[in-house]
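Enquirer: predicted model follows, preceded by the sequence.
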Protein chains: 2
Amino acid sequence: MATPERTYRADRSRRAILEAAAPEFAAHGFAGASLNRIIRASGLTKGGFYFHFPSKQALALAVLGDQYERWWARVLSEVGPLPRAVDRLFATPRVIARQIREGEGPGTLGKLIEELARDPDLRDEVCGSLRIAVEMTTAQFAEAQAEGDIRSDLDPALLAEVAVGGFAGMQTMTEQLADDDLERRVEALILVVRTATTSPQEGGP
Amino acid sequence: MATPERTYRADRSRRAILEAAAPEFAAHGFAGASLNRIIRASGLTKGGFYFHFPSKQALALAVLGDQYERWWARVLSEVGPLPRAVDRLFATPRVIARQIREGEGPGTLGKLIEELARDPDLRDEVCGSLRIAVEMTTAQFAEAQAEGDIRSDLDPALLAEVAVGGFAGMQTMTEQLADDDLERRVEALILVVRTATTSPQEGGP
């Protein structure tokens, strides 16, 4: 049985690998990432590495899961204190866009996500996070409707797909035009979605 | 000097190559596409092929340019007859989404575009089309504003980025969730942008 001391050391090694792997996958995607570079940067031996992760794929999925978890905790710590759902709703993409500019969060792993999603066996696991983002955003829209701050005649699930997909589109556009203007585009998206959802409803509020 | 007969034959060979190459690039992207399969499908010899296209890259760029040209002509033939700019504006993404479902147009070459855009030397040529899409959409929004059908206090260039980027995002989401629901998502995007742009303006219309 593992003693607490050994468990602590194992956790620390695992964390060292995840921290070394995240920037490597961010820079080179899945195919381009070098396990040797990751192992070297983690300070572990090859044996130590394979004790924690049987394969590059297992590592990539763990990095993704870890980034999502830590990143979402940070987003929540920023938007959570806002008292109204409508404010949390529109603050979220703003915070995420800023984190991407600062080189943080799963938004920086777009290339890795895309490569992994091409594998039909991994698609569900990788894209689960997209589904979760849509679900959480749906809940935020529904809450803002319940609080009377946005129109109640628009389907929250549909609004969530436009918002989450729109954010992904602003990223694609920014990458392809290579102009670093993601935050400006996200503000434009927020303006359009906010205007649509707070416009007067036909037949009264 | 080329006789008209020879020019005609050369045009026909060039066209045969472009038609053989488009589905290959659509299915496999740039790296995955096989020149041998394309040459075989075109019915030409290797020599005949290289007479028209010095490289796979030259061919890929020609396929893209050809697809854009023919596809835009088809879009225009459908939306052009609509009398008001606001109707042309919102009919355009609907027509494009339908064409993608039918396996037509540059929207089917997303993987190729993405791969080519990673090469800094090609980015401008490849993403020129994205810039053109934003410019044309900006003009449509401005025209609809001039005709008094949408709010005049929203920046048309900004709306165009949300609309074009949003469309790309609906594609990404549909690819990643692999549910073939692009047309439903594009309708949702149209609903949000239309509601935002036709909502009453603060301080009167």
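Expert: Looks like it arrived, so ask away.
Enquirer: pull up the residues of chain A that are close to chain B.
Expert: A:113, A:117, A:123, A:126-127, A:130-131, A:154, A:158-159, A:161-162, A:164-170, A:172-173, A:175-178, A:185, A:188-189, A:191-193, A:195-197, A:199-200 (CB under 8 Å from any CB of the partner chain). In short, each C-beta sits where N, CA and C put it, glycine included.
Enquirer: where do the helices sit along chain A?
Expert: A:4-32, A:35-42, A:46-52, A:56-79, A:85-101, A:110-117, A:120-146, A:156-177, A:182-198 (DSSP state H).
Enquirer: reformat those helices as CSV; add mean neighbour count.
Expert: Listed next are the helices of chain A as CSV, based on neighbours: other CB atoms under 10 Å in any protein chain shown:
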stretch, mean neighbour count
helix A:4-32, 16
helix A:35-42, 16
helix A:46-52, 15
helix A:56-79, 17
helix A:85-101, 19
helix A:110-117, 20
helix A:120-146, 17
helix A:156-177, 23
helix A:182-198, 21
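Enquirer: what's the closest of these to residue B:68?
Expert: Judged by CB to CB, the one of those that comes nearest to residue B:68 is helix A:156-177, at 14.7 Å.
Enquirer: rank the helices of chain A by pLDDT, which is bottom?
Expert: Ranked by mean pLDDT, the helices of chain A end with helix A:110-117 in last place, scoring a mean of 82.
Enquirer: who are the packing partners of that helix?
Expert: helix A:4-32, helix A:56-79, helix A:120-146, helix B:156-177 (3 or more CB pairs under 8 Å, 6 or more residues apart in numbering or on different chains; DSSP states H and E).
Enquirer: 7 Å - rerun?
Expert: If you count contacts as 3 or more CB pairs under 7 Å, 6 or more residues apart in numbering or on different chains; DSSP states H and E, helix A:110-117 packs onto helix A:4-32, helix A:56-79, helix A:120-146.
Enquirer: quick check: angle from that helix to helix A:4-32?
Expert: Relative orientation of helix A:110-117 versus helix A:4-32 (axes from the mean of the first three to the mean of the last three CA atoms, to 10 degrees): 90 degrees.
Enquirer: tell me how far helix A:110-117 lies from the chain's centre.
Expert: 12 Å (CA atoms, centre = their mean, to the nearest Å).
Enquirer: got it, and stretch A:119-128?
Expert: Distance, centroid of stretch A:119-128 to centroid of chain: 15 Å (CA atoms, centre = their mean).
Enquirer: now do stretch A:108-123
Expert: On CA atoms, centre = their mean, the centre of stretch A:108-123 falls 13 Å from that of its chain.
Enquirer: tell me who's in contact with the residue in chain A that chain B sits nearest to.
Expert: Residue nearest to chain B within chain A: residue A:169 (2.4 Å; CB to the nearest CB). By CB atoms under 7 Å, 6 or more residues apart in numbering or on different chains, the contact set of residue A:169 is B:165, B:166, B:167, B:168, B:169, B:172.
Enquirer: what does residue A:184 give?
Expert: With CB under 7 Å, 6+ apart, residue A:184 has no contacts at all.
Enquirer: give me the distance between it and residue A:129.
Expert: 25 Å (CB to CB, to the nearest Å).
Enquirer: kindly report the same for residue A:91.
Expert: With CB to CB as the criterion, residue A:91 and residue A:129 are 20 Å apart.
Enquirer: check residue A:63 too.
Expert: Relative to residue A:129, and taking CB to CB, residue A:63 is found at 12 Å.
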